[in-house]
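Trainee: Sequence unavailable; structure follows:
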């Protein structure tokens, strides 16, 4: 009573959010809310240290933010409780993910990819948590006031903003939960083909769930398994959009390798992210496809890093494959990186580009320890070395009509969380797997393959890649080997000249190899 406040007025003052009474009474609710938020954030990061990597994780993050916000608002019915709740959550989340091997979680603002990574990890996580926390605090305040029997009618009204926020959070949850899909396979009239396949599904490979896309007008057609580049690249949406309709003549199968795109959750444990495991996954998937479609063998096609993976899979299990069709064949990654760097220096010197020379000098000669950040700098300079070329009109038209970004993130094949996984999967998987490629030289390790090999050779490819591929191919022993030179193509001839490649497959490869007896 000595404070001059009547005992009966205390519930009203608490309900209106007045900071009153002894310091312990003021601090206790804040400390409690912060502790609850800290514990919740810590627990969530122990369960999902990389943040939400699946749609279920996204819903859990929204629900967690809502629940923690309600607790904070109920403990102290004032909007100022947003601050301790958000601070506690942020500290808990960051503490829980300490030690997680993920370059995408590094705070790097000295490279565009570092900024992108920050947005895709902490940014996406915050987008899911913060609106839910704000809504939770407002709900908690309402609950506290009702329990406190407040008489201030003006404060009992539910603001329009709260209702709109609730609708927004519900819409966000719906967006996160909305499933991915791949469009149906259509006939020339634009109608779905009866009996066709257009599916996204999950297959257990090497003890981890990995996503595949299957598209086929006729399930009885020959099967092609396509291996994307990177390491870490997801090509599901891009191959569907720009490949030229492979599904009309083949059962086209795209794999999101562990750590890539829709298969990003399979990046853990990181001990499984090895070249050997990636090869085993391809072999296991090939067995699955052979059994599912009742085929003795399938065709294997790869691009860039996928060509190393494909060669090693074919070498290990030639009985699974009718033929190997590489696009942008890689041979010796260490030597390629060194040659491309030297070619860039030569270009900069001849062009008198002092700024580029300074940047090259700052990055230094490969191989790099600062992976993937140093490599991303070199990638941005490759354009200086490409010879002019014009991809096929069909490729350009399909790409424009698809309306996709260069990574295919906007494709329907990715749900809301997958879209962030496409890019951070490329960053994290590249960092884990790329250094392992320095130990591989196919000239020494794969000089013979027991299946026909059809090399798709883009003549505008960087010399640091192409020269090594031609050298490897010249010395390669195989039952059949043929180099298909494509003048208007570079590192991705299977897409840049998709119509010609598909015609070659139908007119040469399949008639020569399909259903050949063992």
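Mentor: Right, received. Where do you want to start? No experiment lies behind these values; they were computed from the predicted model shown.

Trainee: Just give me the neighbour total for residue 450.
Mentor: Applying other Cβ atoms under 10 Å, we find 14 residues neighbouring residue 450. Just so you know, the C-beta spots here come from the backbone N, C-alpha and C atoms, and that holds for glycine as well.

Trainee: On the three-state scheme, it is what?
Mentor: coil (DSSP: H, G, I helix; E, B strand; the rest coil).

Trainee: Let me know whether it touches residue 476 as I believe.
Mentor: No: the pair residue 450 / residue 476 is not scored as a contact, 11.4 Å apart, by Cβ atoms under 8 Å.

Trainee: Please enumerate the shared neighbours of those two.
Mentor: Common contacts of residue 450 and residue 476 (Cβ atoms under 8 Å, 6 or more residues apart in numbering): none found.

Trainee: remind me which residues of the stretch 401-518 of the chain are low pLDDT?
Mentor: Applying pLDDT under 70 to the stretch 401-518 of the chain flags residues 516-518.

Trainee: hang on, I meant the chain
Mentor: Low-confidence segments of the chain (pLDDT under 70): 1-25, 149-159, 516-518.

Trainee: Could you check how far the spatially most central residue of it is from residue 80?
Mentor: Nearest to the mean C-alpha position of the chain, by Cα atoms, centre = their mean, lies residue 422 at 1.9 Å. Per Cβ to Cβ, to the nearest Å, residue 422 is found 39 Å from residue 80.

Trainee: Equivalent analysis for residue 34, please.
Mentor: Distance of residue 34 to residue 80, given as Cβ to Cβ: 12 Å.

Trainee: just residue 73 next, same as before
Mentor: Using Cβ to Cβ, residue 73 is found at 10 Å from residue 80.

Trainee: where along this structure do the strands fall?
Mentor: Listed in chain order, the strands of the chain (DSSP state E) span 197-205, 208-216, 223-227, 251-256, 298-303, 321-327, 453-458, 481-486.

Trainee: want to try TSV for the ones you listed, with mean neighbour count and distance to residue 171 as columns?
Mentor: Shown next, in TSV, are the strands of the chain (neighbours: other Cβ atoms under 10 Å; distance: least, Cβ to Cβ, whole Å):
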stretch	mean neighbour count	distance to residue 171
strand 197-205	16	24
strand 208-216	22	26
strand 223-227	25	35
strand 251-256	27	27
strand 298-303	26	38
strand 321-327	26	41
strand 453-458	24	45
strand 481-486	16	46
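
Trainee: I'd like those strands as JSON lines, with distance to residue 38 appended.
Mentor: As requested, those are exported to JSON lines (distance: least, Cβ to Cβ, whole Å):
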{"stretch": "strand 197-205", "distance to residue 38": "35"}
{"stretch": "strand 208-216", "distance to residue 38": "32"}
{"stretch": "strand 223-227", "distance to residue 38": "44"}
{"stretch": "strand 251-256", "distance to residue 38": "35"}
{"stretch": "strand 298-303", "distance to residue 38": "46"}
{"stretch": "strand 321-327", "distance to residue 38": "50"}
{"stretch": "strand 453-458", "distance to residue 38": "54"}
{"stretch": "strand 481-486", "distance to residue 38": "58"}
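
Trainee: Quick one, which of those gets closest to residue 383.
Mentor: Of all the strands of the chain, the one in closest proximity to residue 383, counting by Cβ to Cβ, is strand 453-458 (15.1 Å).

Trainee: And for residue 317, the neighbour number?
Mentor: Per other Cβ under 10 Å, the neighbour tally for residue 317 reads 19.

Trainee: More neighbours: residue 73 and residue 80, which one.
Mentor: Taking neighbours as other Cβ under 10 Å, residue 73 and residue 80 compare with residue 73 leading, 29 against 12.

Trainee: what's around the residue nearest to the more buried one when sequence neighbours are not counted, how many residues?
Mentor: With Cβ to Cβ, 6 or more residues apart in numbering as the criterion, residue 73 has its nearest non-adjacent residue at 2.2 Å, and that residue is residue 140. Neighbour count of residue 140, defined by other Cβ under 10 Å: 25.

Trainee: Isn't residue 140 up against residue 68?
Mentor: No: using Cβ under 8 Å, residue 140 makes no contact with residue 68, being 9.5 Å away.

Trainee: Now do the buried residues in stretch 403-413.
Mentor: Within stretch 403-413, the residues that qualify as buried are 404, 407, 408, 409, 411, 413, counting by 16 or more other Cβ atoms under 10 Å.

Trainee: So which of these belong to helices?
Mentor: Among the buried residues of stretch 403-413, no member is found in helices (DSSP state H).

Trainee: Tell me the one among the residues you listed nearest to residue 200.
Mentor: residue 413 (6.2 Å).

Trainee: where's residue 511 relative to residue 434, distance?
Mentor: From residue 511 to residue 434 the distance is 38 Å (Cβ to Cβ).

Trainee: The two - which one has more neighbours?
Mentor: More crowded of residue 511 and residue 434, by other Cβ under 10 Å: residue 434, with 20 against 9.

Trainee: list the contacts for the more buried one?
Mentor: 231, 333, 371, 372, 375.

Trainee: Likewise for residue 255?
Mentor: 210, 211, 212, 225, 226, 227, 228, 263, 281, 282, 285.

Trainee: what about 7 Å?
Mentor: Contact analysis of residue 255 by Cβ atoms under 7 Å, 6 or more residues apart in numbering lists 210, 212, 225, 227, 285.

Trainee: one step back: does the residue nearest to residue 73 really touch residue 74, like I thought?
Mentor: Yes: if you go by Cβ atoms under 7 Å, residue 140 and residue 74 touch, sitting 3.9 Å apart.

Trainee: Thank you, goodbye.
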